[in-house]
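> Could you look at this predicted model? Sequence included:
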Amino acid sequence: MIGFVSPQTGLQLTEERTFLVTKEGEKFPIVKGIPRFTPQENYASAFGLQWNSFKKTQLDSQNGKNISKVRLERCLGMPLESLTGKFILEVGCGAGRFTELLVQSGALVHSIDLSSAVEANRDNIGIKPNHVLAQASVYSMPFPPGVFDVVICLGVIQHTPSPEKTMDALWEMVKPGGYLVIDHYRQRLSYYTTLKPLYRHWLRRKKPEVSKRLVDKLTHYFFPLHWRFRNNHIANWLLHRVSPLIEYTKLYPELSYQEQFEWSQLDSYDSLTDFYKHLRTPGQIRKYLIRKKDAGEIWVATGGNGIEARVKKIFP
């Protein structure tokens, strides 16, 4: 496994009781067994509440489906078994829906998240010899650059202050011959023809605990209507004009009513309370990747959260 280094100086860190320290005296706390390289309260606090409230909802191991596996392998462009023994950096690990699959593949997995979601991740994954976990920012990562075979960042980039700076930071961590795997919300006119931006404007200004209670109430009101009209195209289209919910009744019909309800509750809270929400077109993502002089084998497609992309860092 790759050891932690100071995000500021790059010096190697060693463990001393409840801290990671450098020989120059830098100290980073270890809280609940997890190294913390960023304040525990930050702009991603709502995500921490989200993943600790729904820590098992999207785990394939919990729902008995392969929804997360299909998405992850599609983005990777390879079966998970191909990752065995490879150094993986997972940025924005959340509660671990992809972490558990990466760890099971036999990869050497290094997961970080900006929020307290790392605690849900630890509860779900446990302590494994091929997994290390830390609370850290994508802009200040506690690993040396250019050492990872695959850097994975799914469901995250659109929620950071600058998607382009985030992708730059991720790219720095990929070693020559390795891959960057990302996704991003897609720019769509239809988003602005609904009431969702107004709901978000109202909810994102409230404390996470308050906004969660309000989103729960909205889900209890609107989701039964989504379920009832899931096979009625016209009624479903009209409902989405006024309902703020993200729902998957058509996309994942294999999920039960209760599972659908929880997925809607989770992702609606995610979508309505994010501090940052950036939208990009597939062309913008491709243009950004093409500008990288050491980029090759660029793949960009619509799917998942909107846009999925993969790029190889070629040897200089």
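Looks like it came in fine. Numbers count the residues shown, from 1 in each chain.
> ok, H233 - how many residues close by?
Neighbourhood size, H233 [other Cβ atoms under 10 Å]: 10. For glycine as for every other residue, the C-beta is placed from the backbone atoms N, C-alpha and C.
> Give me the pLDDT for it.
In this model, H233 is scored at 94, pLDDT.
> Excluding covalently adjacent residues, which one is nearest to P29?
Spatially, and ignoring its direct neighbours in sequence, P29 is nearest to R36 (5.2 Å; Cβ to Cβ, 6 or more residues apart in numbering).
> how about the strands in the chain?
Ranges of strands in the chain, per DSSP state E, are 14-16, 19-21, 27-31, 34-35, 87-91, 108-113, 131-135, 148-153, 174-185, 295-303, 306-313.
> Tell me which of these sits most buried.
strand 108-113 (a mean of 26; mean count of other Cβ atoms under 10 Å).
> could you give the angle of that one to strand 148-153?
30 degrees (axes from the mean of the first three to the mean of the last three Cα atoms, to 10 degrees).
> elements contacting strand 108-113?
Here strand 108-113 touches strand 87-91, helix 99-104, helix 117-125, strand 131-135, going by 3 or more Cβ pairs under 8 Å, 6 or more residues apart in numbering; DSSP states H and E.
> Nearest to K65, out of those?
With Cβ to Cβ, the closest approach to K65 among those belongs to helix 99-104: 12.3 Å.
> nearest to L251, of the strands of the chain?
Nearest of the strands of the chain (Cβ to Cβ): strand 295-303, 10.8 Å.
> quick revisit: could you redo the strands of the chain as CSV and give each row distance to R205 and mean pLDDT?
Listed next are these as CSV, based on distance: least, Cβ to Cβ, whole Å; pLDDT from 0 to 100:
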stretch, distance to R205, mean pLDDT
strand 14-16, 40, 95
strand 19-21, 36, 98
strand 27-31, 28, 97
strand 34-35, 29, 98
strand 87-91, 27, 98
strand 108-113, 23, 98
strand 131-135, 25, 98
strand 148-153, 27, 98
strand 174-185, 20, 98
strand 295-303, 31, 96
strand 306-313, 25, 98
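> As CSV, those with distance to K217 would be great.
Below are the strands of the chain laid out as CSV (distance: least, Cβ to Cβ, whole Å):
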stretch, distance to K217
strand 14-16, 45
strand 19-21, 42
strand 27-31, 33
strand 34-35, 32
strand 87-91, 33
strand 108-113, 27
strand 131-135, 30
strand 148-153, 32
strand 174-185, 25
strand 295-303, 31
strand 306-313, 27
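> With E41 as the reference, name the closest of those.
Nearest of the strands of the chain (Cβ to Cβ): strand 131-135, 11.1 Å.
> one step back: of the helices and strands packed on strand 108-113, which approaches L180 most closely?
strand 87-91 (9.7 Å).
> What angle do helix 117-125 and that closest one make with each other?
Using the same axes, to 10 degrees: strand 87-91 against helix 117-125 is 130 degrees.
> I figured V132 hits V103, correct?
No - counting by Cβ atoms under 8 Å, V132 does not reach V103; the two are 10.6 Å apart.
> Please enumerate the shared neighbours of those two.
V109 (Cβ atoms under 8 Å, 6 or more residues apart in numbering).
> now the residue nearest to P29: how far from Q135?
Distance of R36 to Q135, computed by Cβ to Cβ, to the nearest Å: 5 Å.
> will you turn the helices and strands packed on strand 108-113 into CSV that also has distance to E164?
Shown next, in CSV, are the helices and strands packed on strand 108-113 (distance: least, Cβ to Cβ, whole Å):
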stretch, distance to E164
strand 87-91, 15
helix 99-104, 26
helix 117-125, 24
strand 131-135, 24
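> Tell me which of those lies nearest to F261.
helix 117-125 (19.4 Å).
> So which bits of the closest one are buried?
By 16 or more other Cβ atoms under 10 Å, the buried positions in helix 117-125 come out as 117-122, 124-125.
> hmm, back to that, among the strands of the chain, which comes closest to H278?
Using Cβ to Cβ, the strands of the chain put strand 174-185 closest to H278, at 6.8 Å.
> what packs against the closest one?
Using 3+ Cβ pairs under 8 Å, 6+ apart, strand 174-185 sits against helix 67-76, strand 148-153, helix 163-173, strand 306-313.
> List the contacts of the second one.
Think strand 148-153. By Cβ under 8 Å, 6+ apart, strand 148-153 touches 2, 72, 75-76, 83, 86-92, 98, 102, 107, 110, 138, 166, 170-171, 173-175, 177-183.
> What of stretch 281-295?
164, 167, 171, 176, 184, 186-187, 298, 300-302, 307, 309, 311-314, 316.
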